[in-house]
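> what's the 3D shape of this:
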Amino acid sequence: MAIDRIDAVAFVGLLVLAAASRALEVLVVAAAMGGFLLSISVWRLYGGRPWESLGWLSWVGAAVTIVLDPGGLAFLVAFGGFGLVGGCLLAGGRLGFFPDVWSVEESPIEE
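Numbering: from 1, shown residues only. I've put the predicted structure just below:
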């Protein structure tokens, strides 16, 4: 569960977006965050961590929920659901709770 370069980039990027939220409109920052999280998701998938990639992709859904703003209880359920699922997928992928679906072990075929 060591922190690697992509984790550092994600942390710094989220700090920059949080600082930008003070100067820019909420929708602009949410759209930028969605794009940033999507790129992190692709990096994780390319790096061979599909569960973490799905977690980041779920957080893209949370950012899209902010942009679309369905309002009321629908907003809370969608944003909270995407956030919770994303957090669980990230933690589960990091802690090894999910099976390794990315690598293939070649075993000899017995005749």
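
> what number of residues lie near Gly71?
Other residues lying near Gly71 total 8 when counted by other C-beta atoms under 10 Å. Backbone N, C-alpha and C define where each C-beta goes, glycine included.

> The one 4 residues further on too?
Neighbour count of Phe75, defined by other C-beta under 10 Å: 14.

> my guess is it meets Thr65, correct?
Yes: counting by C-beta atoms under 8 Å, Phe75 touches Thr65, with 6.5 Å between them.

> Please pull up the helix or strand immediately following the helix or strand of the chain with the lowest mean pLDDT.
Across the helices and strands of the chain, mean confidence by mean pLDDT, DSSP states H and E is lowest for helix 5-20: a mean of 87. Following helix 5-20 in sequence order, the next helix or strand is helix 26-46 (DSSP states H and E).

> Low-confidence stretches in the chain?
1, 104, 106-111 (pLDDT under 70).

> Point to the residue nearest the middle of it.
The centroid of the chain falls nearest to Trp56 when counting by C-alpha atoms, centre = their mean (0.9 Å).

> What is the helix or strand hosting it packed up against?
Taking DSSP H and E as the criterion, Trp56 maps to helix 50-68. In terms of contacts (3 or more C-beta pairs under 8 Å, 6 or more residues apart in numbering; DSSP states H and E), helix 50-68 is packed against helix 26-46, helix 72-95.

> which parts of it are buried?
Of the residues in helix 50-68, 50-66 count as buried by neighbour count, 16 or more other C-beta atoms under 10 Å.

> That helix vs helix 5-20, what angle?
10 degrees (axes from the mean of the first three to the mean of the last three C-alpha atoms, to 10 degrees).

> hang on, the earlier thing: out of the helices and strands packed on helix 50-68, which comes closest to Ala20?
Ranking the helices and strands packed on helix 50-68 by proximity to Ala20 (C-beta to C-beta) places helix 26-46 first, at 5.6 Å.
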